[in-house]
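below are the sequence and a predicted model for it; my questions follow.
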Protein chains: 2
Amino acid sequence: MTDKDVRTRVVEAADRLFYGHGIGRVGMDAVRDAAGASLKAIYREFPSKEDLVIAVLEHRHQLWTSGLESAMAGIAEPRERLLAVYDYLADWFDEDDFRGCGFINAFAELGADSTRVAEAVRDHKASFQRYVDALVGEIGAPTSLGPQLAILAEGAQTSAAISGAPDAALSARAAAEVLIDVAMAGRTDHR
Amino acid sequence: MTDKDVRTRVVEAADRLFYGHGIGRVGMDAVRDAAGASLKAIYREFPSKEDLVIAVLEHRHQLWTSGLESAMAGIAEPRERLLAVYDYLADWFDEDDFRGCGFINAFAELGADSTRVAEAVRDHKASFQRYVDALVGEIGAPTSLGPQLAILAEGAQTSAAISGAPDAALSARAAAEVLIDVAMAGRTDHR
DNA sequence: CTACGTAGAGAACGAACGTTCTCCGCGCGG
DNA sequence: CCGCGCGGAGAACGTTCGTTCTCTACGTAG
C-alpha cells in the first residue's frame, strides 16, 4: 500500500475515481481514502484540486501514449501502425470499466471554466493528432487524411462510451482502411 | 419575458446555462434568475434537478432533430441528404457559443451515476443512428456504412469543441463522401 | 368588505465540498 | 531521558447547492 510514494498513489487513485464517477462527483475525502494518504500530504503535493486534475490528465496522457506505443510494437508498416490505433481502441473499449475518453469527459465537465484543464485536453489531442499526421506523412498520403483518421478515433470513443457497444472500434477501423486506401490510390502516383 | 409559459422559459434558460457552463456548475438559483420564475414554480414543474436535466435534453433533442430536418429541406437525393448532416454540423460549429455536443457533455458529467441521463443520451444517439441508417438503406449501401457515418459526426463534434477549429466538419464531410462512394462502388452492382 | 387559496420572493436547512486547523503520537538530537 | 519538529487523522470552517419553508401580497368568491 505504501510501496509507492504519496504523489503516485494519489494520482493513480484520483485517476481511477475521477474517470469512474466524474471529477465533480469525487471529493478530496474520497481521494484521501482511496490513496491512503492524509489530506495534508495531498495538499502539500497539489495546492488545489485543479492541480490534482491536471496531474491526473498528464498521468493519463502518459498511459495513453505508452499504451499506444506498445500496441504498435513490432509493427513496421506505417499503414498497419495507423490501423493498430483502432485495435488499441478496441481492446480498451472491451475493458469493463471503460467510460469514454477521460480527456473528453474532463473537458465536458470543466473545459468551459478552467483554462488549465481545457489546455491540458487540447495538448493531449494535439499530440495524438501529430502522431497520426506523422504516420500519414510516412505513407505519403495527403495531409488531409490525418484529421479524418483522428476524428474517427475520437468518434469511436464517444460512440462506444454512450452506446456501450465496443464494436465502434471495428467500424472506425474499417472506415480508416477505406480512407487510407483511397488516399493512397488517389495520390499523384507517378512511380 | 412572461410571454411563454413557465415550463418553456425554465427549460430554455436551463438549456443555455447547462450547455454553457456544465450542469454541475449551474445552480437552481441561477436557473431561477435566468428564467424569471420562482423556485416554487420550477419545482412544481420539475420535482428535482434531474427531472429538469431530462427535460432539457429532450428539448435539445427536438432542436437538433428539427434543425437537421430543415437543413435537409429541399434535398432529395439520399446521398446529398447524408452529406447535409456535415454541413449542418459546420454551421453549428461556427456559432460562437458552440461547446460540443450537449448530450456527450451531459453523459460525461452525469452518465456514470444517473441512469436516466445515460438513457436520454443513448436514446438521442440511437435516434440519430436510425436516421442515418435509413438514408444509407435508401441508397442501397451496406448497413455497415451507417455506424461509420455516425462515428464521423460524433468525432467531428468533440474534435471541433476541443480544438476550437470548426473545420472538423469539413474533414468529416470529405471522409463521409469517400466512404459513401466506396460503399456504392463496392456494392454487388450487377445492374 | 372579508376570508381564503394561491403564488412569488427569498430566507432557511441540511448535506457535500474544498481547504485549513488542531491535536496527538512518533522519531530524532542533545 | 527530554524537547521538538514533522506527519497523520480527522475535526472544523466557509461556501455552495438542492430543496423546502415562511411570510406576505393579491385575486377572487361570497
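Sure, I can see it.

check contacts around A:T8.
Residues near A:T8 by Cβ atoms under 8 Å, 6 or more residues apart in numbering or on different chains: none. For the C-beta atoms, the positions are set from N, CA and C on the backbone; glycine is no exception.

got the phi/psi numbers for it?
Dihedral pair for A:T8: phi -60, psi -50, per degrees, to the nearest 10.

could you do A:I75 as well?
phi -100, psi 120.

so what's the residue count around it?
14 (other Cβ atoms under 10 Å in any protein chain shown).

ditto for the one 10 residues further on
For A:V85, the neighbour count with other Cβ under 10 Å is 25.

DNA strand D contacts on chain A?
By Cβ under 7 Å from any atom of the strand, the residues of chain A that approach DNA strand D are A:6, A:37-41.

how does it look with 6 Å?
A:38-41 (Cβ under 6 Å from any atom of the strand).

dump stretch A:126-136 to PDB, restricted to CA.
The C-alpha coordinates for stretch A:126-136 follow below in PDB (Å, rounded to 0.1, in the frame of the first residue of the first chain):
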ATOM      1  CA  ALA A 126      -2.900  17.800 -30.500                       C
ATOM      2  CA  SER A 127      -0.200  15.300 -29.500                       C
ATOM      3  CA  PHE A 128      -2.300  12.400 -30.800                       C
ATOM      4  CA  GLN A 129      -3.000  14.400 -34.000                       C
ATOM      5  CA  ARG A 130       0.700  15.000 -34.600                       C
ATOM      6  CA  TYR A 131       1.300  11.300 -34.100                       C
ATOM      7  CA  VAL A 132      -1.200  10.300 -36.700                       C
ATOM      8  CA  ASP A 133      -0.100  13.100 -39.000                       C
ATOM      9  CA  ALA A 134       3.400  11.700 -38.900                       C
ATOM     10  CA  LEU A 135       2.300   8.300 -39.900                       C
ATOM     11  CA  VAL A 136       0.200   9.700 -42.600                       C
END
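
please list the outside residues in contact with stretch A:139-148.
A:78-79, A:82, A:129, A:132-133, A:136-137, A:179-180, A:183-184, A:187, B:159, B:168, B:171-172, B:174-175.

what comes up buried for it?
Within stretch A:139-148, the residues scored as buried using 16 or more other Cβ atoms under 10 Å in any protein chain shown are A:139, A:141, A:145-148.

then stretch A:115-128?
A:117-118, A:120-122, A:124-125, A:128.

can I get those in CSV with pLDDT, distance to B:A112 and secondary structure?
Below are the buried residues of stretch A:115-128 laid out as CSV (pLDDT from 0 to 100; distance: Cβ to Cβ, whole Å; DSSP: H, G, I helix; E, B strand; the rest coil):
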residue, pLDDT, distance to B:A112, secondary structure
A:V117, 98, 18, helix
A:A118, 98, 21, helix
A:A120, 98, 21, helix
A:V121, 98, 18, helix
A:R122, 98, 24, helix
A:H124, 98, 21, helix
A:K125, 98, 22, helix
A:F128, 98, 24, helix
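
leaving out the residues flanking it, which one is nearest to A:D97?
A:G20 (6.6 Å; Cβ to Cβ, 6 or more residues apart in numbering or on different chains).

which element is that neighbour on?
A:G20 belongs to helix A:6-21 when assigned by DSSP states H and E.

before we move on, back to that, give me the buried entries from the residues of chain A next to DNA strand D.
Neighbour-count burial (16+ other Cβ under 10 Å) applied to the residues of chain A next to DNA strand D gives A:A41.
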